[in-house]
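Peer 1: give me coordinates for this.
(chains A, B and C)
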Amino acid sequence: MKPTILIQLDTDDQPSVFDSVVAIDAGAQHLFPCAAITAENVTARVHGAIFTRGPKDLAQTAIFIGGSDVARAEAVLKSVRQAFFGPLRVSVMLDPNGANTTAVAAVRAAAAIMPLAGSRALVLAATGPVGSRVVRLLARAGVAVKVASRNRPRAQAACDAVRVLVSGAALEPCNPTTPAELQAALDGVQIVVAAGAAGVTLLPAEVWTRNQGLRAAIDLNAVPPLGIEGIEAQDRGLTRGQCVCYGALGVGAAKMKLHRAAISRLFTRNDLVLDAEELYALAEELG
Amino acid sequence: MKPTILIQLDTDDQPSVFDSVVAIDAGAQHLFPCAAITAENVTARVHGAIFTRGPKDLAQTAIFIGGSDVARAEAVLKSVRQAFFGPLRVSVMLDPNGANTTAVAAVRAAAAIMPLAGSRALVLAATGPVGSRVVRLLARAGVAVKVASRNRPRAQAACDAVRVLVSGAALEPCNPTTPAELQAALDGVQIVVAAGAAGVTLLPAEVWTRNQGLRAAIDLNAVPPLGIEGIEAQDRGLTRGQCVCYGALGVGAAKMKLHRAAISRLFTRNDLVLDAEELYALAEELG
Amino acid sequence: MKPTILIQLDTDDQPSVFDSVVAIDAGAQHLFPCAAITAENVTARVHGAIFTRGPKDLAQTAIFIGGSDVARAEAVLKSVRQAFFGPLRVSVMLDPNGANTTAVAAVRAAAAIMPLAGSRALVLAATGPVGSRVVRLLARAGVAVKVASRNRPRAQAACDAVRVLVSGAALEPCNPTTPAELQAALDGVQIVVAAGAAGVTLLPAEVWTRNQGLRAAIDLNAVPPLGIEGIEAQDRGLTRGQCVCYGALGVGAAKMKLHRAAISRLFTRNDLVLDAEELYALAEELG
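Peer 2: Below is the predicted model:
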C-alpha cells in the first residue's frame, strides 16, 4: 500500500500552519502544502494527483481545500471537480477558515441539547461563511430559521441561496439591531447562534437572558467581547439561567475532532467530497 | 544511515504535484519542493544540499529538476553542476515536463519492435523538448532520422544541435505538410514518432496506413485528436495493419516506471547526472 | 505521542535548504518550510502552531527562525513571542544565516584554548550579525573586548548595544586599518576573531604572527582570501607559531553539531527560546 499524501490547497499567500498540523495529527503520512491556489492554477495540481497512482491506490491521495477566503475556496473546489476524469479522482475536503467544521460543530452542539426538527432558531451574522453554513445545516435538520444580518438584502439573498440547496427550507430574513428588535426576533426561538466577526457584540445579555423559551445559545467568536454577551468563550454546555451555552472554544474541541476524523476519512475511498452536509453526517456518526 | 531527501527544484510558480507524488512513491523519505527556481537562485539550494551532510551521507540527498519550461530547467541544471565543489556533490535528475522520461519511453517502445541500428525514422514536431530528445536518442542508437518541423530553419537548427552531441549522427531536416509531402517523408522509414502539441493531428491515417515499410508508429499526444490519426492514446504495442502502435498513455506506463526507478537510483551514489542518455541506459537495464 | 513538527520560518523568498536538511538530520519528523515570513504575517503561523495540539503535546511542535537577514529574523522572533498566549506556546530557535551557532562555535573554540574570564580579545568586523554576537558572548564570559569596525560610530553603537544586554561589559570601540594600527589594537590581546565578509583580508599575517601574547586566532570567512591571512579555512585547533588557529570550516563542525543538538532540544519542552546565550549554554553542556 502506498503512503498517504494530502495535497493542502490554500488560496492564501501562505499555506495555513493550522491546517498542516491537523493534517499530520490526522495521520497523513506526507503533506504537500500549496499556497496561492486559484481556480485556474489548481487544474495541474489535480492532474498531478490523479495521473500518478493506479486506480487501486488513488484512495491514498487526497485534497484539502483551505484558506481565509471561503468564496475563493469554493471556486477552487468547483475547478477540482471539473478536473477529475470519471473514475480518475481523489477524495476532497473543503474547510476554508474552518467554516465547515465550525458550522457543523455549532449545529451538533444544538442537536445535543434538544431535538432539532420542528424547532426554531435565530442565526445572527447569518450571511458570512460560517453563518450561512449554520443556516443551511439547521434548515436541513428541519429547523425554521430566522436569518439575521445588518443588511436586509443580504439576509434575503442568503435565504434564497439556501432554498436552492434545501428544498422546503423554512427561512425568514430579518435585520434586528435594537434591543427591542432583537427581543422580537428571539420570540418563539429555542436556539440562537452568533456567527459574527471577532470582538463584536451582537446580542446583549439583557435581551436573551429574559427570553424564557430559549434553550441553546451558541457563540462562535473567540475574541472578547463575544457575540452573545454573557457567554464565555470556554463555555461547553454550561447552563446559564434556563439556557445551555457554548462559546467558541467550547465548540472548538468538537470542531478539531471532526477536522481530524474527516482527514482520516478521506483516505478510505477516492470519491468523497466532504462539504458541510457530508461533514455533518460524519459528525453524527462520530457521536 | 540518514534518511533520503529529494530536493525538487521547479522553475514554475508552483512545484509540480505530479513530480512530488512520483518522488514519494519512488521512496524518497523527505521531499523539499521548491518553486520559482532560476539559474541564479539555485546556487544557495545546492550549497544547502552539499554542505550539510558528510561525504558518506551525500548519496542520501539528491536533486530533481522539473517544471514546464525545458530550456529554463536545463539552465538550472547547468548552475547546479557549477555549484558543486569537487567531491561535494549530490546526484541530479533532469525531467522537466517529463520530456526525458517520455522521450526515452518512446524510443524504448520502438526498440522493442525492431533493432534500431541501421533503421530509418521520421520524427514529427521534432524541434520541441520531447521531439528533440527523441531525435537525439534515436541518433545515438544508430538510426538515420528525418527531423520534421513546420519551420524549416528550426528543423535545421535541431539537426545542428544534435550533431554537436552525437558525432556522426545521420540527420536530415524536412518540413512536410501536405499529404504528398508526408508520404514522401515516410518513404524508406520504419519508425514514425509524433511529438507535437496536444490536440493537433500531424499525420493523417490515409498517409501512414498505406506505407508498407512502416513497422512502428508512436504518438505522444494524449489529447484527441491525436498526432497520428488512427492511433488510440491507450495503444500499447497494438498492431494496426502492418504497424505496431503506441499512444501517449501506452507509452506512459513505461515512462512512469522509469521515472520512479530513476529517483530511486539517485540515492545509490552522489555523483549521478540523469539526463536523456543516462535515463535511456537505465531503461535498458530495467528491460 | 504526536510526531514532532518543525515550522521553519524563513524571511527570504526561498526557505533555506541548509536549514531544512539540518532539521531532518536532527530528527524532526515533519518539516513545514515557510518562505517570505515577516513580522506581520508570522502571527497566523504561530497561532496555527499553538492552537492545534493540547498542552501536553505542545513540546512536539517547534519553530525555527532563519533567513539571510538577521535584523528581519529578530523582528520575526519578537512577533512570535508576542503571539504566544501564556502557556500556549512552543519552543523557538533563532539562527538566521547561522549567526548564532557560528558565533557560539567561535567563542567555544577560544574557550577550549584558554580560560576566557579575565582575558582580552580583538573582534574584527565586530558590527555584523556574527561579530556582534561574538562580542556579546565574549563579554558575558568576562572577556575585555576591543570592538573593531572600519566605521568608528558603528563600533561605538555596537558597544552600546551589547552594554544594554551585558551589564558591566568591558568594551572598547576601535577602527584599526593600517598594519601599525592593527598591531596596536592587538597589544595585550590573547584572542583575535575575524567575522568579516567573504574574501576580504582584515589582518595581514605579518601583523599577528609577530604578536607574542596572542594565543587564539579564529577566522569565520570560508572564501579565500580569508580574513586572517595565514590561517586556512580547514584549521581546527592547529598551532601556527605560538597561536592556536581555527578557520571557518574548522569551526563549522562544532557549529553543525550545535545546530542539530539545538533542534533536538526544542522538542524537550514547549517554552524554550534558543538565542545566542541559550545556545552557548547548550554548547557548554555538549562539551
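Peer 1: how about the residues of the stretch 51-200 of chain A near chain B?
Peer 2: A:51, A:52, A:53, A:61 (C-beta under 8 Å from any C-beta of the partner chain). Placement of C-beta: from N, CA and C, glycine included.
Peer 1: and those, which is closest to residue B:227?
Peer 2: residue A:51 (19.2 Å; C-beta to C-beta).
Peer 1: what separation do you get for the closest one and residue B:237?
Peer 2: Using C-beta to C-beta, to the nearest Å, one gets 21 Å for the distance from residue A:51 to residue B:237.
Peer 1: do the same with residue A:13
Peer 2: 48 Å.
Peer 1: specify the local secondary structure of residue A:3.
Peer 2: Following DSSP: H, G, I helix; E, B strand; the rest coil, we place residue A:3 in the coil state.
Peer 1: quick one, what contacts it?
Peer 2: A:29, A:30, A:60, B:24 (C-beta atoms under 8 Å, 6 or more residues apart in numbering or on different chains).
Peer 1: wait, isn't residue A:261 in contact with residue A:282?
Peer 2: Yes: in this structure, residue A:261 is within contact of residue A:282 by C-beta atoms under 8 Å, at 6.3 Å.
Peer 1: the more surrounded of these two?
Peer 2: residue A:282 (19 against 16; other C-beta atoms under 10 Å in any protein chain shown).
Peer 1: identify the residues contacting the host helix or strand of the more buried one?
Peer 2: Using DSSP states H and E, the element containing residue A:282 is helix A:276-286. Identification of contacts with helix A:276-286 by C-beta under 8 Å, 6+ apart yields A:93, A:95, A:100-101, A:103-105, A:107-108, A:133, A:136-137, A:140, A:254, A:257-258, A:261-262, A:265, A:272, A:274.
Peer 1: and the residue of the stretch 51-200 of chain A nearest chain C?
Peer 2: residue A:68 (8.6 Å; C-beta to the nearest C-beta).
Peer 1: residues near that residue, how many?
Peer 2: Neighbours of residue A:68 using other C-beta under 10 Å come to 16.
Peer 1: is it true that it touches residue A:98?
Peer 2: No: Residue A:68 is beyond contact range of residue A:98, at 9.9 Å (criterion: C-beta under 8 Å).
Peer 1: which parts of the stretch 151-287 of chain A are helices?
Peer 2: In the stretch 151-287 of chain A, the segments counted as helices under DSSP state H, counting those that start in this stretch are A:152-165, A:179-186, A:205-208, A:248-266, A:276-286.
Peer 1: put the alpha carbons of the last one into PDB.
Peer 2: What it means is helix A:276-286. What follows is helix A:276-286, C-alpha atoms only, in PDB (Å, rounded to 0.1, in the frame of the first residue of the first chain):
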ATOM      1  CA  ALA A 276     -20.900  20.900   5.000                       C
ATOM      2  CA  GLU A 277     -23.500  18.200   4.700                       C
ATOM      3  CA  GLU A 278     -21.100  15.300   4.500                       C
ATOM      4  CA  LEU A 279     -19.100  16.700   7.400                       C
ATOM      5  CA  TYR A 280     -22.400  16.900   9.400                       C
ATOM      6  CA  ALA A 281     -23.100  13.300   8.600                       C
ATOM      7  CA  LEU A 282     -19.600  12.300   9.700                       C
ATOM      8  CA  ALA A 283     -20.100  14.300  13.000                       C
ATOM      9  CA  GLU A 284     -23.300  12.400  13.600                       C
ATOM     10  CA  GLU A 285     -21.500   9.100  13.100                       C
ATOM     11  CA  LEU A 286     -18.700  10.100  15.500                       C
END
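Peer 1: list the buried ones in that helix?
Peer 2: Buried positions in helix A:276-286, judged by neighbour count with 16 or more other C-beta atoms under 10 Å in any protein chain shown: A:276, A:277, A:278, A:279, A:280, A:282, A:283.
Peer 1: try the second one
Peer 2: When burial is assessed from 16+ other C-beta under 10 Å, helix A:179-186 yields the following buried residues: A:182, A:183, A:185, A:186.
Peer 1: which ones are touching the last one?
Peer 2: With contact taken as C-beta under 8 Å, 6+ apart, residue A:186 is in contact with A:122, A:192, A:207, A:208, A:211, A:214.
Peer 1: ok, the third one next?
Peer 2: With contacts taken as C-beta under 8 Å, 6+ apart, residue A:185 has the following neighbours: A:122, A:146, A:148, A:174, A:176.
Peer 1: repeat that with 10 Å
Peer 2: A:122, A:124, A:146, A:148, A:172, A:174, A:175, A:176, A:177, A:192, A:203, A:207 (C-beta atoms under 10 Å, 6 or more residues apart in numbering or on different chains).
Peer 1: want to throw the residues you listed into CSV with neighbour count and pLDDT?
Peer 2: CSV is the format used below for these (neighbours: other C-beta atoms under 10 Å in any protein chain shown; pLDDT from 0 to 100):
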residue, neighbour count, pLDDT
A:122, 27, 98
A:124, 27, 98
A:146, 25, 98
A:148, 32, 97
A:172, 15, 97
A:174, 20, 97
A:175, 16, 96
A:176, 21, 96
A:177, 11, 93
A:192, 29, 98
A:203, 27, 97
A:207, 23, 96
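Peer 1: so where does the residue nearest the centre of chain A fall, helix or strand?
Peer 2: Centroid-nearest residue in chain A, with C-alpha atoms, centre = their mean: residue A:100, separated by 2.1 Å. Element membership for residue A:100 (DSSP H and E) is helix A:99-113.
Peer 1: helices or strands up against the next helix or strand after that helix?
Peer 2: Beyond helix A:99-113 in the direction of the C-terminus, DSSP H and E gives the next helix or strand as strand A:120-124. If contacts are counted by 3 or more C-beta pairs under 10 Å, 6 or more residues apart in numbering or on different chains; DSSP states H and E, strand A:120-124 sits against helix A:99-113, helix A:129-140, strand A:144-148, strand A:171-174, helix A:179-186, strand A:191-194, strand A:216-219.
Peer 1: who does strand A:120-124 pair up with?
Peer 2: strand A:144-148 (parallel), strand A:191-194 (parallel) (DSSP bridges).
Peer 1: which SS state does the residue of the stretch 51-200 of chain A found nearest chain B fall under?
Peer 2: Using C-beta to the nearest C-beta, the point where the stretch 51-200 of chain A gets nearest to chain B is residue A:52, with a distance of 4.0 Å. At residue A:52, secondary structure determined by three-state DSSP is coil.
Peer 1: isn't residue A:240 up against residue A:216?
Peer 2: No: between residue A:240 and residue A:216 there is no contact under C-beta atoms under 10 Å: 11.0 Å.
Peer 1: quick one on the thing from earlier: would you mind giving the helices of the stretch 151-287 of chain A as JSON lines with distance to residue C:221 added?
Peer 2: Shown next, in JSON lines, are those (distance: least, C-beta to C-beta, whole Å):
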{"stretch": "helix A:152-165", "distance to residue C:221": "63"}
{"stretch": "helix A:179-186", "distance to residue C:221": "70"}
{"stretch": "helix A:205-208", "distance to residue C:221": "67"}
{"stretch": "helix A:248-266", "distance to residue C:221": "48"}
{"stretch": "helix A:276-286", "distance to residue C:221": "57"}
